[in-house]
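J.: sharing a sequence plus its predicted fold:
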Amino acid sequence: MTLKKRLLLTLLLVGLLPVIAISFFNAEIARQSLTEQALQRLSIAATNKQHSVEDYLSTIARQLKAMANNRGTRTAAQGFGLAFQNYEKLVQEEQSTLRENVEAYYQQNFLPPLQQNGGANGRSASDFVASLSKNSLALQMGYIVDNPNPVGQKDELVSADVHIAQFYNTLHKQWHTSFKEFQEAFGYYDIYLIDADTGHVIYSVAKEVDFATSLKDGPYADSGLAAAYRQAMSDGQDTAPTFVDFTRYVPSYGAPAGFVATPIYSEKDERLAVLAFQFPIDSLNNIMMERDGMGETGDAYLVGPDNLMRSDSYLDPENRSVVASFADPENGRISSTSVDEALAGNSGEGVVTSYRGEPVFSAHRPVTVGGLNWALVAEISEDEALAPVREMWTLAAIAIAIVLLAVAAVAVWTAVRIMKPLGKDPSELQALAEQVAAGNLVIDSSDSDRATGVYGSMLKMVSDLKEVIFKVEEASQRQASGISERAGAVVLRLREAVEEVARMSGMAEQIATASEEQSATAEEVTRNVSTIAEKSLETKQAMVQISEASGDLAELSHQLRDSLSRFKVS
């Protein structure tokens, strides 16, 4: 990797790592803070809804108890009990005729919607009517079958339009309006008076098919209303009412229904009847559907011990409303950690997987009022709760991109500033230095004109070194040539001295033979001998110089050859 790339990478890391670290740190702090805030909001919402639901149920119990202790309710219960027992005595129609007419009504108006809701369980109209007494048939004939109001509005009839059983009809006309107003004012689905001894429904506001039937041995003896009646019959006068949890209630066309009942005592503490309320889903839904602090994906719902809904889900009303969950339990059940914990009586908050399979922040509370055991769960999706963290990461990504561009620009500028004095990457400078050190001066200097910095100086150094080597070679050759010339001159002088010596030797011989004759030339001979001696001395010195010069030349030549052999210059 080149220095430029290393500088760029280093500066990018130095610039980006702190930004990324700070962004991650801030995002983590924000995530923890938002998690705490979301769980706190859910905790407050769950607690508020828990109190609202418990207050609502407690209010129902108080209203029930207050109505049961009301003098007018006692009077009505006594009157309806007596009138109900004597009603059939005043009916002249045959029981078979009554049964036929009532069964026809069931077949046409009751059974189709019940079957549509999946609540018939294979039963026919005759199965529901077969166990009804003449008294029950007569009352259903007068207040349901012959009631001119459509199904769902039978409570609009104040009194049956018959000339028989005027005692019951008079009582009904006297009390029905009061009971109906109370029912509508507080949102109850129905209000019942049940005979304490026989278990007959001697009065109801809504006039559904449970009216006038026996909760002991009639067609709805295994219903939630019958369970509430039996519970109330075991309660004392001061016992708090016990709620009967939601189950599918056939007289209400298979819709889920919950009940609460309490005994009605006379002033002499005699049990006269049982007062029962069928409390609606709507009031619970209104509480649970309150959206304050729930955002877009928030959901709050109630779940019973059977894991079926006790209030409608805001996010999945199609499958997880109360009606839908009871109609299709397989798809309507909710089982989660929060639900299990709340049903076990625990409260808490945390991150769990919702019934939709998504991570959610969840708060759960138990609802235990009047024998009920429900789980209250408030949830909001983790994605929505932590949306600000994602926004923070988006802003951080933008900041990182800006920093990346800025750091890249600075890194490039810095790298250029650092590389310009060098001229080349340090690795290339090192390679060039190693090449020169190895004696290879054959360098590609095609870009030497454009080379700058250290690299340019090194190219110039190589060029200068090559020039020095060429000059040394030329000087060596010239020196060798000079020495050869000097040696030649010395040899020439040597030859001349030898010739002179030879000539003198000849003259000596002549002198020896004619010494006597040529005594006049003795002085000349003496001079010649001196000259010969001088020449010999010069010759000797010249020979020494030749020897020294030859040695120096040989040594120099050897050194030059060794030095120059290390360099490759072409």
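T.: Right, received. Where do you want to start?
J.: got the contact list for stretch 288-297?
T.: With Cβ atoms under 8 Å, 6 or more residues apart in numbering as the test, stretch 288-297 has contacts from 41-42, 44-45, 49, 52-53, 298, 300-302, 311-312, 314-315, 360, 378, 380-381, 383-385. (Each C-beta comes from the backbone N, C-alpha and C, glycine too.)
J.: likewise for stretch 383-403?
T.: With contacts defined as Cβ under 8 Å, 6+ apart, stretch 383-403 is touched by 15-16, 19-20, 23, 26-27, 30-31, 34-35, 38, 295-298, 358, 361.
J.: among the residues you listed, which are located in strands?
T.: Using DSSP state E, the members of these that fall in strands are Phe361.
J.: so which of the contacts of stretch 288-297 are in helices?
T.: Arg41, Leu42, Ile44, Ala45, Lys49, Ser52, Val53, Asp383, Glu384, Ala385 (DSSP state H).
J.: list buried residues within the residues you listed.
T.: Buried members of the ones in helices among the contacts of stretch 288-297, counted by 16 or more other Cβ atoms under 10 Å: Arg41, Leu42, Ala45, Lys49, Ser52, Val53, Glu384, Ala385.
J.: now that the third one has come up, it's in contact with Ala300, right?
T.: So that's Ala45. Yes. Judged on Cβ atoms under 8 Å, Ala45 makes contact with Ala300 at a distance of 6.7 Å.
J.: shared neighbours of those two, which are they?
T.: Joint contacts of Ala45 and Ala300 (Cβ under 8 Å, 6+ apart) are Met294, Ala378.
J.: helices or strands up against the longest strand seen in the chain?
T.: If you go by DSSP E, the chain has its longest strand at strand 255-265. If you count contacts as 3 or more Cβ pairs under 8 Å, 6 or more residues apart in numbering; DSSP states H and E, strand 255-265 packs onto helix 3-68, helix 71-87, strand 190-195, helix 224-233, strand 242-249, strand 271-279, helix 322-327.
J.: columns distance to Thr394 on top of the ones you listed, output as TSV?
T.: Below are these laid out as TSV (distance: least, Cβ to Cβ, whole Å):
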stretch	distance to Thr394
helix 3-68	11
helix 71-87	65
strand 190-195	55
helix 224-233	53
strand 242-249	46
strand 271-279	49
helix 322-327	39
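J.: looking at those, which is closest to Gly122?
T.: strand 242-249 (14.5 Å; Cβ to Cβ).
J.: from the rest of the structure, what touches that closest one?
T.: With Cβ under 8 Å, 6+ apart, strand 242-249 has contacts from 57, 60-61, 119, 223-225, 227-228, 231-232, 235, 254-261, 278, 304-305, 308, 310, 322, 326, 369-373.
J.: is it correct that Leu193 is in contact with Leu272?
T.: No. The pair Leu193 and Leu272 does not pass the contact test of Cβ under 8 Å, sitting 9.2 Å apart.
J.: now list whatever residues contact both of those two.
T.: Ala77, Ile264.
J.: and the spatially most central residue of the chain, how far is that from Pro359?
T.: What sits nearest the mean C-alpha location of the chain, by Cα atoms, centre = their mean, is Asp383, with 6.8 Å. Per Cβ to Cβ, to the nearest Å, Asp383 is found 8 Å from Pro359.
J.: and Met309, its phi and psi?
T.: When quoted as degrees, to the nearest 10, the phi and psi of Met309 stand at phi -70, psi 140.
J.: which strand residues bridge it?
T.: Met309 has these beta-bridge partners by DSSP bridges: Val303.
J.: which residues touch it?
T.: Met309 makes contacts with Tyr301, Leu302, Val303, Arg320, Ser321, Val322, Ala324, Ser325, Phe326, Gly332, Ile334, as judged by Cβ under 8 Å, 6+ apart.
J.: please repeat the previous calculation with a cut-off of 7 Å.
T.: Tyr301, Leu302, Val303, Arg320, Ser321, Val322, Ser325, Gly332 (Cβ atoms under 7 Å, 6 or more residues apart in numbering).
J.: and it, how far is that from Tyr301?
T.: The gap separating Met309 from Tyr301 is 6 Å, by Cβ to Cβ.
J.: reformat the ones in helices among the contacts of stretch 288-297 as JSON lines; add distance to Tyr105 and pLDDT.
T.: Output for the ones in helices among the contacts of stretch 288-297, formatted as JSON lines (distance: Cβ to Cβ, whole Å; pLDDT from 0 to 100):
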{"residue": "Arg41", "distance to Tyr105": "52", "pLDDT": "89"}
{"residue": "Leu42", "distance to Tyr105": "50", "pLDDT": "91"}
{"residue": "Ile44", "distance to Tyr105": "51", "pLDDT": "92"}
{"residue": "Ala45", "distance to Tyr105": "47", "pLDDT": "92"}
{"residue": "Lys49", "distance to Tyr105": "42", "pLDDT": "95"}
{"residue": "Ser52", "distance to Tyr105": "40", "pLDDT": "95"}
{"residue": "Val53", "distance to Tyr105": "38", "pLDDT": "96"}
{"residue": "Asp383", "distance to Tyr105": "54", "pLDDT": "87"}
{"residue": "Glu384", "distance to Tyr105": "52", "pLDDT": "85"}
{"residue": "Ala385", "distance to Tyr105": "54", "pLDDT": "78"}
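J.: mind checking the SS state of the nearest residue to Ser159 once chain neighbours are set aside?
T.: Excluding the flanking residues, the one nearest Ser159 by Cβ to Cβ, 6 or more residues apart in numbering is Lys173, at 4.0 Å. Classification of Lys173 by DSSP: H, G, I helix; E, B strand; the rest coil places it in helix.
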